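**Q** Need coordinates for the following:
(chains A and B)
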Amino acid sequence: MSWLGAVCIFISTTWIGFELAKKVRDRPKQLRQLKVGLQSLEAEIMYGLIPLDEAFLHLSRQLSGPVAEFFLHAGKSLEESVSSVQEAWENGLSHLSAASSFKKEEIEILRQFGATLGRHDRENQQKQIRLALAHLERELAEANDAQMKHEKMYKSLGILLGLLLIILLV
Amino acid sequence: MEHVLAVLPEAVGKLIRQLPQERKERIEEIRFRLMKPLELIMNGRPEFLLAGAGPYIIQPEDGVQLLNKLSRYSLYALEEELKRGYITIKGGHRVGLAGKVITEKGEVKAIRDIGSYNIRIARQKIGSAERLVSSLYESGHWLNTLIVGAPQTGKTTLLRDLARTASTGCSAKNIPSSKVGIVDERSEIAGSVKGIPQFMLGERVDVLDACPKAEGMMMMIRSMSPEVLIVDEIGRKEDVDAILEAMNAGVQMMMTVHGHSLEEALRRPAIFPLAEMKLFDRYVELTRTGSPGTVQGIYNRDRKPLSMEQGSSL
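**A** Reported below is the predicted structural model:
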């Protein structure tokens, strides 16, 4: 009987460790997706002069994962009902912060960027996108660092913690 | 009308929706001026819609909402339109803008802080040109025609229907269809949105949308080989050169010009040489006695009236 308990403990701590490691690993991946997204948005605005709702839906088709869903949400709510870009952007963000591995900082960068969308002429819009991209670049470097440092650690910590508990309890 | 209602701010949209259908039909313009009463033009007369005790006053939010809807929340997408001072929306309706103009090196760069909006409702009157067909078509081709009228007399409406008639032809009068080229500098004739004409213009129409007239006419002749070329609101020197070029290239032309009467229009320096050379085979004079689109008279190339019922409405 005690063996069964031990296996249960081992599996669950290992699983927690891997889950944490996945979060650390996914963040840079999603950040890169987001950067690609903003770069494409820049192209849509600068060269295509495409309205935001359409541009968002284009982006959601080009990208994948939670970032694509974010643009899909924002685009859909802009198309349907809301009274401002900011509202649609917020709708998307609340979804994104739940579904992605982004930290508060990234969400905050996006929030501030969203407040400027659609209110300026092309040139200023481009400056805002460049600014957001610069901020995201910094976050990406930090996220890469964290991945290198923590990914393996979380995995082994999960396994070892399981073993420790089993030893203590036996 | 649905396309217009879709861009109106909620409060204004509600007021207009409440109007009886028969009055809605007669709206020609919806005018917004910030902090001023909402104005509708019906049958050429202003009307102010009531909300509660007094007339409805346009709030700054109404302006913001209207601009948001017009640009689909993307101001950058309107750059070209803000330079020209008007936006064409679905259905071919046009929204004129006025406000603080930003210039750069003496050229208009954009309109910022927009204070006035004028939504002009476009209505296509299919068949309005029909009664003119027999005077404007002769021995196998359309005649070079100049339509003269003051603003809001239905010049463009008539021109649009002439374009449609020429491109579809008229089997009852034994007129075959022709290739029609439209140079639509102000996006008013075809009302194109993203290059697609919003009005019914028949199957054989090519439209150069938002293209400067003089250049556009040459482009059309060079590449699209139109049989009938249609332009709106001529009046500049360079237009005249292009018109001369086109007429001598064997293209039949139909165009409009601003003027309260034929005499007045022909006094304009840009029009005068064309009339002197007797390039136009027909002049159509429009007035607005009663309803828009009343034909005052049709004249031949020597400016002698052609027999037709005087003052008959289209």
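**Q** what does the stretch 201-314 of chain B put close to chain A?
**A** For the stretch 201-314 of chain B, there are no residues in contact with chain A under the definition C-beta under 8 Å from any C-beta of the partner chain. C-betas here are computed from N, CA, C, even on glycine.
**Q** Could you pull out the helices in the stretch 201-314 of chain B for me?
**A** With DSSP state H, counting those that start in this stretch as the criterion, the stretch 201-314 of chain B has helices at B:213-223, B:237-248, B:262-266, B:272-276.
**Q** what stretches of the chain score poorly on pLDDT?
**A** I'll assume chain A. Low-confidence segments of chain A, defined by pLDDT under 70, span residues A:1, A:81.
**Q** ah, no, chain B please
**A** For chain B, applying pLDDT under 70 flags the ranges B:290, B:307-314.
**Q** and with 50 instead?
**A** Counting by pLDDT under 50, chain B shows low-confidence ranges at B:309-314.
**Q** biggest strand in it by residues?
**A** Ordering each strand of chain B by length in residues (DSSP state E) puts strand B:107-120 first.
**Q** Residues of chain A that sit close to chain B?
**A** Counting by C-beta under 8 Å from any C-beta, the residues of chain A close to chain B are A:45, A:49-55, A:78, A:83-85, A:88, A:117-122, A:125.
**Q** Do a quick rundown of the helices in chain A.
**A** With helices called from DSSP state H, chain A shows them at A:2-43, A:52-62, A:65-80, A:85-99, A:104-114, A:122-169.
**Q** on contacts alone, who are the packing partners of the longest one?
**A** The reference is to helix A:122-169. Contact here means 3 or more C-beta pairs under 8 Å, 6 or more residues apart in numbering or on different chains; DSSP states H and E; on that basis helix A:122-169 packs against helix A:2-43, helix A:104-114.
**Q** so can I have JSON lines of these showing distance to B:Leu208 and mean neighbour count?
**A** Conversion of the helices and strands packed on helix A:122-169 to JSON lines gives the following (distance: least, C-beta to C-beta, whole Å; neighbours: other C-beta atoms under 10 Å in any protein chain shown):
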{"stretch": "helix A:2-43", "distance to B:Leu208": "27", "mean neighbour count": "17"}
{"stretch": "helix A:104-114", "distance to B:Leu208": "38", "mean neighbour count": "17"}
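**Q** I'd like to know which of the helices of chain A is closest to B:Glu81.
**A** B:Glu81 lies closest, by C-beta to C-beta, to one member of the helices of chain A: helix A:122-169, at 12.9 Å.
**Q** How about the residue of chain A found nearest chain B, nearest residue that isn't a chain neighbour?
**A** Going by C-beta to the nearest C-beta, chain B is nearest to A:Pro51 of chain A, at 3.8 Å. Taking C-beta to C-beta, 6 or more residues apart in numbering or on different chains as the measure, A:Pro51 lies nearest to B:Arg72, with 3.8 Å between them; neighbours along the chain are not counted.
**Q** Phi first, then psi, for the one you found.
**A** Here the main-chain torsion angles of B:Arg72 (degrees, to the nearest 10) amount to phi 50, psi 50.
**Q** OK, contacts around residue 10?
**A** No chain was given, so I picked chain A. Under the criterion of C-beta atoms under 8 Å, 6 or more residues apart in numbering or on different chains, the neighbours of A:Phe10 are A:Ile159, A:Gly162, A:Leu163, A:Ile166.
**Q** Actually, chain B is the one I wanted.
**A** Residues counted as contacts of B:Glu10 (C-beta under 8 Å, 6+ apart) are B:Gln65.
**Q** before we move on, what about B:Leu143?
**A** Going by C-beta under 8 Å, 6+ apart, B:Leu143 touches B:Leu136, B:Tyr137, B:Gln252, B:Asp281, B:Arg282.
**Q** Just give the nearest non-adjacent residue to it, would you?
**A** Of all residues not flanking B:Leu143 in the chain, B:Asp281 sits nearest, at 3.7 Å (C-beta to C-beta, 6+ apart).
**Q** give the contact list for A:Ala143.
**A** A:Val24, A:Arg27, A:Pro28, A:Leu31.
**Q** now it: how far from A:Leu136?
**A** Distance of A:Ala143 to A:Leu136, computed by C-beta to C-beta, to the nearest Å: 10 Å.
**Q** Report the set of residues contacting both of these two.
**A** Going by C-beta under 8 Å, 6+ apart, residues that sit against A:Ala143 and also against A:Leu136 are A:Leu31.
**Q** Report the buried members of the contacts of B:Leu143.
**A** Members of the contacts of B:Leu143 that pass the buried threshold by neighbour count (16 or more other C-beta atoms under 10 Å in any protein chain shown) are listed as B:Leu136, B:Tyr137, B:Gln252, B:Asp281, B:Arg282.
**Q** thinking again about what came up before, can you give me the buried ones in the longest strand of chain B?
**A** For strand B:107-120, by 16+ other C-beta under 10 Å, it's B:Ala110, B:Ile111, B:Ile114, B:Gly115, B:Tyr117, B:Asn118, B:Ile119, B:Arg120.
**Q** before we move on, the earlier item: output the helices of the stretch 201-314 of chain B in TSV; the columns should cover mean neighbour count and distance to A:Leu131.
**A** Below are those laid out as TSV (neighbours: other C-beta atoms under 10 Å in any protein chain shown; distance: least, C-beta to C-beta, whole Å):
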stretch	mean neighbour count	distance to A:Leu131
helix B:213-223	19	39
helix B:237-248	17	44
helix B:262-266	17	54
helix B:272-276	15	55
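**Q** Nearest to A:Glu69, out of those?
**A** Closest approach to A:Glu69 among these is made by helix B:213-223 (45.0 Å; C-beta to C-beta).
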